[in-house]
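Undergrad: heads up, no residue letters with this:
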């Protein structure tokens, strides 16, 4: 069964600084990969997704992610963080045969210092 | 276009009771998935319904069940509630059951079991 690991539970970053969130997955083939963001008490909003093709994926809110097959990683980055980026971020994987079933990582909570 | 609507937003029950949660998908969406989110276990897939049929099921006991109606609205039921069932229950809808479709999440129903 596939699994997803987000090694960092909490990350604190200064406003204007760059941000990188790590995600590693375990699966025999290349799964579909997603990053979601969740604000307190809210549902999940899709930031970006990777299915195939260009390994650098652009998303909403200035986020991008890079798929590295050799490292089984799909790390999320943002060049300059805004205070509104404080939230919890989830990496998720899925496989076509499983329909809309996603396996999520444990999440990384991002705190933004002024 | 209205988003995914989950009702009620908050719910308090006592052990042994049963509960029904409702999810109205985005108009035109035929797939509805349910997830449980807890601090300890994170986000876990419960089941997916597509065209009134259960498409996929996660590793939850039989106390957790669901159904989908002809208008794509979905309900999930939890019988004989346990303290550990306290969680945020998220519903997501999609136009179809393939992962190429974008999942839209609702804001969730926060269930507290006392």
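TA: Now that the structure is in, tell me what you want to look at. Bear in mind that the values here come from a model prediction, so they are computed numbers and not experimental data. Numbering: from 1, shown residues only, chains lettered A, B, ... in the order given.
Undergrad: Every contact and neighbour count from this point should use C-alpha atoms.
TA: Fine.
Undergrad: neighbours of residue A:61, just the number please.
TA: Residue A:61: 12 surrounding residues under other C-alpha atoms under 10 Å in any protein chain shown.
Undergrad: For the residue in chain B that chain A sits nearest to, which non-adjacent residue is closest in space?
TA: Relative to chain A, the nearest point of chain B is residue B:107 (4.0 Å; C-alpha to the nearest C-alpha). Nearest in space to residue B:107, with sequence neighbours left out and distances taken as C-alpha to C-alpha, 6 or more residues apart in numbering or on different chains, is residue A:43 at 4.0 Å.
Undergrad: Return the residues in contact with the one you found.
TA: Each residue near residue A:43 by C-alpha atoms under 8 Å, 6 or more residues apart in numbering or on different chains is listed here: B:90, B:105, B:106, B:107, B:108.
Undergrad: low-confidence ranges in chain B?
TA: B:1, B:99-101 (pLDDT under 70).
Undergrad: residues from it in reach of chain A?
TA: B:33, B:41-45, B:47-48, B:55-56, B:90, B:97-100, B:103-108 (C-alpha under 8 Å from any C-alpha of the partner chain).
Undergrad: Now the buried members of those.
TA: Neighbour-count burial (16 or more other C-alpha atoms under 10 Å in any protein chain shown) applied to these gives B:33, B:42-45, B:47-48, B:55-56, B:90, B:97-100, B:103-108.
Undergrad: Can you get me a residue count around residue 52?
TA: Picked chain A for this. Taking other C-alpha under 10 Å as the neighbour definition, residue A:52 ends up with a count of 12.
Undergrad: that's the wrong chain, I meant chain B
TA: Residue B:52 has 18 neighbouring residues, counting by other C-alpha under 10 Å.
Undergrad: that older thread, TSV for the contacts of residue A:43, including secondary structure and distance to residue A:57?
TA: Converted to TSV, the contacts of residue A:43 look like this (DSSP: H, G, I helix; E, B strand; the rest coil; distance: C-alpha to C-alpha, whole Å):
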residue	secondary structure	distance to residue A:57
B:90	strand	26
B:105	strand	21
B:106	coil	25
B:107	coil	26
B:108	coil	28
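Undergrad: picking that back up, so which of the buried ones among the residues of chain B next to chain A sit within strands?
TA: Judged by DSSP state E, the subset of these located in strands is B:33, B:42, B:43, B:44, B:45, B:47, B:48, B:55, B:56, B:90, B:104, B:105.
Undergrad: in what helix or strand does the closest residue to the third one other than its chain neighbours lie?
TA: Which is residue B:43. Excluding the flanking residues, the one nearest residue B:43 by C-alpha to C-alpha, 6+ apart is residue B:37, at 4.4 Å. Using DSSP states H and E, residue B:37 sits in strand B:31-38.
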